[in-house]
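Colleague: need a structure here:
(2 chains)
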Amino acid sequence: MEHTYKFLLRIGDDSLILGQRLAELCGHGPILEEDIALTNISLDLIGQATNIYTYAAQLEGKGRDADALAFLRLEHQYLNAILVEQPNGNFADTLVRQFFFDVYRKLLFEQLLTSTDEQVAAIAEKSLKETRYHLKHSSEWVIRLGDGTELSKERAQFAILDLWRYTEELFYMDETEIQLAKAGVIPNLQDLKPLWMEHVLSILNIATLKLPENQGFFGAGRQGRHSEYMGFLLAQLQYMQRVYPNMQW
Amino acid sequence: MSTNEWPLWEVFIRSKQGLNHKHVGSLRAADAEMALQNARDVYTRRSEGISIWVVQSALITASDPADSEAYFEPSDSKVYRHPTFYDLPDGIEHM
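Modeller: Take a look at the predicted model:
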């Protein structure tokens, strides 16, 4: 139960924090159509977070609700991967971040469909349809940027070199994931990695983009240790609930 | 920043109840796949449809408004083209 709770926070926080990042782009997208696309994805992710937190709060059984989990924890209590809290940067940064994440999430949700925890399976089923579309959207853009102009290729390539170091953390497993994998609640995340790599490479090849070689990995977000960007993000995310506790609108 | 504008596309949506695709608006996109995805995001986010067509606006040949007299007015005076002069047998509905 405790393990499931922690795992739900990990994937719920991924959804919420990336949803918050994309929400920052509302009204700032490069073109109107893409602005709507990115904020649609943001809303999908925040909707997923709501479902995940609702179940997590129920498992926790301490009278907290989804909002309390989303808005009233401290920085070190968020367990999202560091990848998703990275700033939006330029359009290529945003879409490469999204692409790395979408491939992982699609593989994860596909496996969670057969979870021994029915609630987890139900959440995965609902989220998977959205995630498939997100992946289609981000894959198309990575191809277009990589195989586009000199400038778009340069920026996409730079985004890959920059964000690559945070991808290993998506497959992080500690006691929580090991126990849940044994119980059939989640897949062995390390098994997802080669599938993820294969999918990523298949798109990058079309996009004529390359992966870095011999680069180290970084990230302890799953243990609550975040990059310097996280505090600022949370300040904006939590402001209203901190200043006007329990406000609703 | 490039000053080139992406081509304009016309969007047609078929609603759940509808049999035919209806024109709903237009958007800009670099290619057909992007046009479809943008149409999905801009025009079906409130469950408006189950099928989308996009076509580049430049590929549509339209009648010239200046020709509308020659094109359309001649049919105004030809009421006999409407089948309104027939006696309908009893029992026929939905005419």
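
Colleague: quick one: contacts for whatever residue of chain A ends up closest to chain B?
Modeller: At 3.8 Å from chain B, A:E33 is the closest residue in chain A, using CB to the nearest CB. C-betas here are computed from N, CA, C, even on glycine. The neighbours of A:E33, taking CB atoms under 8 Å, 6 or more residues apart in numbering or on different chains as the test, are B:27-29, B:38, B:41-42.

Colleague: out of those, which are inside helices?
Modeller: Counting by DSSP state H, the part of the contacts of A:E33 found in helices is B:38, B:41-42.

Colleague: Show me what whichever strand or helix holds A:D191 is packed against.
Modeller: Per DSSP states H and E, A:D191 falls inside helix A:189-206. With contacts taken as 3 or more CB pairs under 8 Å, 6 or more residues apart in numbering or on different chains; DSSP states H and E, helix A:189-206 sits against helix A:91-112, helix A:118-146.

Colleague: Apply 10 Å and report the result again.
Modeller: Counting contacts by 3 or more CB pairs under 10 Å, 6 or more residues apart in numbering or on different chains; DSSP states H and E, helix A:189-206 is packed against helix A:91-112, helix A:118-146, helix A:150-163, helix A:175-182.

Colleague: Let me know which of the ones you listed is the nearest to A:L9.
Modeller: A:L9 lies closest, by CB to CB, to one member of the helices and strands packed on helix A:189-206: helix A:175-182, at 9.7 Å.

Colleague: The closest residue to B:N20 other than its chain neighbours - how many residues pack around it?
Modeller: Spatially, and ignoring its direct neighbours in sequence, B:N20 is nearest to B:R14 (6.7 Å; CB to CB, 6 or more residues apart in numbering or on different chains). For B:R14, the neighbour count with other CB atoms under 10 Å in any protein chain shown is 16.

Colleague: which parts of chain A sit against chain B?
Modeller: Counting by CB under 10 Å from any CB of the partner chain, chain A comes close to chain B at A:30-41, A:43, A:133, A:136-137, A:140-141, A:143-144, A:148-149, A:151-152.

Colleague: Apply 6 Å and report the result again.
Modeller: Along chain A, the residues adjacent to chain B under the rule CB under 6 Å from any CB of the partner chain are A:33, A:36-37, A:40, A:137, A:140.

Colleague: I'd like to know which of the residues you listed is nearest to A:A81.
Modeller: Of all the residues of chain A next to chain B, A:H137 has the smallest distance to A:A81: 20.1 Å, by CB to CB.

Colleague: Quick check: which ranges of chain B have low pLDDT?
Modeller: Applying pLDDT under 70 to chain B picks out residues B:1-3, B:95.

Colleague: Distance of the residue most central in space within it relative to chain A?
Modeller: In chain B, the centroid-proximal residue (CA atoms, centre = their mean) is B:H23; its distance is 3.8 Å. Applying CB to the nearest CB, to the nearest Å, the value for B:H23 to chain A is 17 Å.

Colleague: Just confirm A:N214 is within a helix.
Modeller: No - per DSSP: H, G, I helix; E, B strand; the rest coil, A:N214 lies outside any helix segment and is coil.

Colleague: what number of residues lie near it?
Modeller: 4.

Colleague: For it, what are phi and psi?
Modeller: Phi and psi for A:N214, reported as degrees, to the nearest 10, are phi 50, psi 40.

Colleague: can you pull the contacts of the residue in chain B positioned nearest to chain A?
Modeller: Nearest to chain A in chain B, going by CB to the nearest CB, is B:N38, at a distance of 3.8 Å. By CB atoms under 6 Å, 6 or more residues apart in numbering or on different chains, the contact list for B:N38 reads A:33, B:27, B:29.

Colleague: Looking at those, which are in strands?
Modeller: Judged by DSSP state E, these include B:L27 as members of strands.

Colleague: now, among the contacts of B:N38, which is nearest to A:G216?
Modeller: Distances from A:G216 to the contacts of B:N38, taken as CB to CB, are shortest for A:E33 (38.1 Å).

Colleague: ok, for the closest one, nearest residue in space, not its chain neighbours?
Modeller: The shortest distance from A:E33 to any non-neighbouring residue, by CB to CB, 6+ apart, is to B:N38 (3.8 Å).

Colleague: One more: A:T94?
Modeller: Nearest one to A:T94, counting by CB to CB, 6+ apart, is A:N88 at 4.8 Å.

Colleague: Give the helix, strand or coil label for that neighbour.
Modeller: Classified using three-state DSSP, A:N88 is coil.

Colleague: quick one: it and A:L95 touch, right?
Modeller: No - counting by CB atoms under 6 Å, A:N88 does not reach A:L95; the two are 9.9 Å apart.

Colleague: Those two - which one has more neighbours?
Modeller: A:L95 (26 against 16).

Colleague: any idea how far that one is from A:A49?
Modeller: Distance, A:L95 to A:A49, by CB to CB, to the nearest Å: 21 Å.
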